[in-house]
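Engineer: Fold the following for me, if possible:
(one chain, ligands or ions: 2)
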Amino acid sequence: MDMLHNRPALIADLGAIIDELDAKGRLIRIKSKVNSKHDLVGIATEYEGGGSAVLFENVEGYDVPVFIGLYWSRELLADLFSYDELELPQYIADRIGSWHQNPIYPEIVMHGPVLEIIESEVDLGKIPIPVHALGDAGPYLDAAVVITKDPETSIRNTSIQRFLVIDKNTLAINIDSGRHLELCLNKAAQRGQDLHLTINIGVGPGLHFAASAPAEAAPFGTDELGIACAFHGEPLRLAKGYHSRVEIIADAMYALECSITPGDLIDEGPFAEVTGNYAYREPRPRVKVISIHHRRKPIFHSILPGKEVHNSVGLLGETNVLNLLQKQIPGVKDVYFSHGGCGFYHAIVQISQVRAGWGKQAIMAAFAAFPPLKMVTVVDDDVDIRKPSDVEWAMATRLDGKSGIVQIEEAFGHGLNPTFDDYIGTKIGFNATRPFPFSPQFDRVEMKNMDISKLRIRGKKKK
Ligand SMILES: Cc1cc2nc3c(=O)[nH]c(=O)nc-3n(C[C@H](O)[C@H](O)[C@H](O)COP(=O)(O)O)c2cc1C
Ligand SMILES: [Mn+2]
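Structural biologist: Numbering: from 1, shown residues only. Ligands and ions are numbered 1, 2, ... in the order given. Next comes the predicted model:
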């Protein structure tokens, strides 16, 4: 009985997650004193992608540790949910499916770790918020789960946005075009009201995934916090804010109650973004921080802008494309968003062809399922979609340059992609599948699979 409740509680509580990673030998504790400006992220980058996360226990000038790396390895993430890495996208798709069919709703509680301390004075300078890249404008909140309410219907919306720290009680937020938060802000503007929001830092992956779920999986007007409940297998615990109409996450490390006055802008950027480029400086909404709640012994959670974002927003996009393609396109077996494609610009689709023409249908369906995509490559089921050289082989030997490339000009994409100036650019699909029906010249050579572990040999196999 207790076992059943163990898992959900674990996934909902970052403190418990860090302990669990430690017990599994998946936590590196940095004991040396580290400066949070550039040095911390520089060190974290050395561990990026490994199967362990990192806890900086001694951050210069602060008594709060910084945790980083929860999302940089799918192996680590999958292990936390007790799944295999390759099962992770399907597991996430199932959780979102379960939310659609049998939603569990969040509950309001009176007590929770985040309510332990409320700061008498708002001072963001007391939180060890790292400065990431050398060209960044300043410290950034990068794993901040935003909750707001539609000013018209009061239905909650959840997302993740980056925030630049301006001064002790001011942040600047980057809201991409098309985000539900933008819709809420526009509605507040029409009503002449401020928009209230809460920023919740130090949460588990169920909630992080709920906030990252694309609009195509969680349309406007649906409370995405239910997705977190689906991961936890129980209601997500919310606490009422002291100053705002919007709830905070009772089990978070930190919760900030904030407001935005529509039209009030302040310069934000540059910031090292998921593309590997800097997002440029521009006037963006100013966020006033009204109160700061936190645990008695908080840990600050940060993420790196590369693989960690691929495995959150990208993984959720991948899951959505997989889910929709499996419903719409006969023969679709697997989908992968490659790291070279920044985790969410390039979808590789594996298909077991049953009829001609579905390769191109898969391209169109993938673009529709996830608008930030710039490229889709479709391959047969004898190609390993997680192996770049295998995908290239399919393009080199099976893609017909004349009939196999689909080009869609002036389409809406992702504004951060340098080739999508003001969100508009060209999307490309590559149908690198064999012509159907198959003919022998496209057959892949096969050798017999042998076990060499018991061979009597002299000499070593070189790597
Ligand atoms: C780590 C991370 C950082 C993100 N940063 C931003 C950001 O700065 N601005 C933004 O608009 N979306 C950002 N996103 C994407 C949105 O959170 C995501 O698309 C979400 O689904 C939007 O919620 P919505 O569908 O309710 O609009 C980020 C996602 C992740 C995982
Ligand atoms: Mn939404």
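Engineer: residues in the stretch 251-400 of the chain within reach of ligand 1, list them.
Structural biologist: 303, 309, 312-313 (Cβ under 6 Å from any ligand atom). Where you see a C-beta, it was placed from the backbone N, CA and C, and this is true even at glycine.
Engineer: Around residue 177, how many other residues sit close by?
Structural biologist: If you count neighbours by other Cβ atoms under 10 Å, residue 177 ends up with 10.
Engineer: With residue 407 instead?
Structural biologist: So residue 407, with other Cβ under 10 Å, has 9 neighbours.
Engineer: which SS state does it fall under?
Structural biologist: Secondary structure state of residue 407, per DSSP: H, G, I helix; E, B strand; the rest coil, is strand.
Engineer: That one is in contact with residue 426, isn't it?
Structural biologist: Yes: here residue 407 reaches residue 426: they are 6.1 Å apart, a contact under Cβ atoms under 8 Å.
Engineer: Next one: the residue nearest to residue 238 when sequence neighbours are not counted from residue 255, what distance?
Structural biologist: Nearest residue to residue 238 in three dimensions, chain neighbours excluded: residue 247, at 3.9 Å (Cβ to Cβ, 6 or more residues apart in numbering). Taking Cβ to Cβ, to the nearest Å as the measure, residue 247 and residue 255 are separated by 9 Å.
Engineer: Also residue 46?
Structural biologist: 31 Å.
Engineer: So for these two, which residue has more residues nearby?
Structural biologist: Remark: of residue 46 and residue 255, residue 255 carries more neighbours, 30 against 8, as counted by other Cβ under 10 Å.
Engineer: Could you find the closest non-adjacent residue to that one?
Structural biologist: residue 248 (3.7 Å).
Engineer: Check which helices and strands the helix or strand that contains residue 94 sits against.
Structural biologist: When elements are assigned from DSSP states H and E, residue 94 belongs to helix 88-101. In terms of contacts (3 or more Cβ pairs under 8 Å, 6 or more residues apart in numbering; DSSP states H and E), helix 88-101 is packed against helix 74-80, helix 205-212, helix 225-232, helix 315-328.
Engineer: quick revisit: including pLDDT, could the residues of the stretch 251-400 of the chain next to ligand 1 go into JSON lines?
Structural biologist: Formatted as JSON lines, those follow (pLDDT from 0 to 100):
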{"residue": "303", "pLDDT": "97"}
{"residue": "309", "pLDDT": "92"}
{"residue": "312", "pLDDT": "88"}
{"residue": "313", "pLDDT": "86"}
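Engineer: re earlier: what about the residue nearest to residue 255, how many residues close to it?
Structural biologist: Neighbours around residue 248, by other Cβ under 10 Å: 26.
Engineer: check contacts around it.
Structural biologist: 114, 147, 198, 200, 238-241, 255, 257, 293 (Cβ atoms under 8 Å, 6 or more residues apart in numbering).
Engineer: again, only this time at 7 Å
Structural biologist: If a contact means Cβ atoms under 7 Å, 6 or more residues apart in numbering, then residue 248 has 114, 198, 200, 238-239, 241, 255, 293 as its contacts.
Engineer: just residue 60 next, same as before
Structural biologist: 33-36.
Engineer: State the distance from the closest residue to residue 262 other than its chain neighbours to ligand 2.
Structural biologist: Spatially, and ignoring its direct neighbours in sequence, residue 262 is nearest to residue 189 (3.5 Å; Cβ to Cβ, 6+ apart). Per Cβ to the ion, to the nearest Å, residue 189 is found 18 Å from ligand 2.
Engineer: What residues does residue 360 make contact with?
Structural biologist: Contacts of residue 360 (Cβ under 7 Å, 6+ apart): 406, 431.
Engineer: quick check: angle from the helix or strand that contains it to helix 315-328?
Structural biologist: Using DSSP H and E, residue 360 maps to helix 358-369. Between the axes of helix 358-369 and helix 315-328, defined by axes from the mean of the first three to the mean of the last three Cα atoms, to 10 degrees, the angle is 130 degrees.
Engineer: Keeping just the C-alphas, turn helix 358-369 into CSV.
Structural biologist: Provided in CSV are the C-alpha atoms of helix 358-369 (Å, rounded to 0.1, in the frame of the first residue of the first chain):
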residue,chain,number,x,y,z
TRP,A,358,2.4,7.9,-46.5
GLY,A,359,5.9,9.1,-46.1
LYS,A,360,4.9,12.6,-47.3
GLN,A,361,1.7,12.5,-45.3
ALA,A,362,3.9,11.9,-42.2
ILE,A,363,5.8,15.0,-43.0
MET,A,364,2.7,17.2,-43.1
ALA,A,365,1.2,15.6,-40.0
ALA,A,366,4.4,16.2,-38.0
PHE,A,367,4.5,19.8,-39.0
ALA,A,368,0.9,20.2,-37.9
ALA,A,369,1.5,18.5,-34.6
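Engineer: got the end-to-end distance for stretch 26-45?
Structural biologist: End-to-end span of stretch 26-45 (Cα to Cα, to the nearest Å): 16 Å.
Engineer: rewinding a little: shouldn't the residue nearest to residue 238 be in contact with residue 240?
Structural biologist: Yes: assessed by Cβ atoms under 7 Å, residue 247 is found in contact with residue 240 at 6.1 Å.
Engineer: number of nearby residues for the residue of the chain found nearest ligand 2?
Structural biologist: Nearest residue of the chain to ligand 2: residue 180, at 3.7 Å (Cβ to the ion). For residue 180, the neighbour count with other Cβ under 10 Å is 22.
Engineer: what kind of secondary structure is the residue lying closest to it once chain neighbours are set aside in?
Structural biologist: Of all residues not flanking residue 180 in the chain, residue 157 sits nearest, at 4.6 Å (Cβ to Cβ, 6+ apart). Here residue 157 is recorded as strand under three-state DSSP.
Engineer: Quick check: residue 345 touching residue 416?
Structural biologist: No: here residue 345 lies out of contact with residue 416, judged by Cβ under 7 Å, at a distance of 9.7 Å.
Engineer: Now do the shared contacts for the two.
Structural biologist: Shared contacts of residue 345 and residue 416 (Cβ under 7 Å, 6+ apart): none.
Engineer: Which one of these two is surrounded by more residues?
Structural biologist: residue 345 (26 against 21).
Engineer: in this structure, which spans are helices?
Structural biologist: Ranges of helices in the chain, per DSSP state H, are 2-12, 14-23, 39-47, 74-80, 88-101, 180-190, 205-212, 225-232, 307-309, 315-328, 358-369, 388-398.
Engineer: for those helices, which one sits closest to residue 66?
Structural biologist: helix 39-47 (6.2 Å; Cβ to Cβ).
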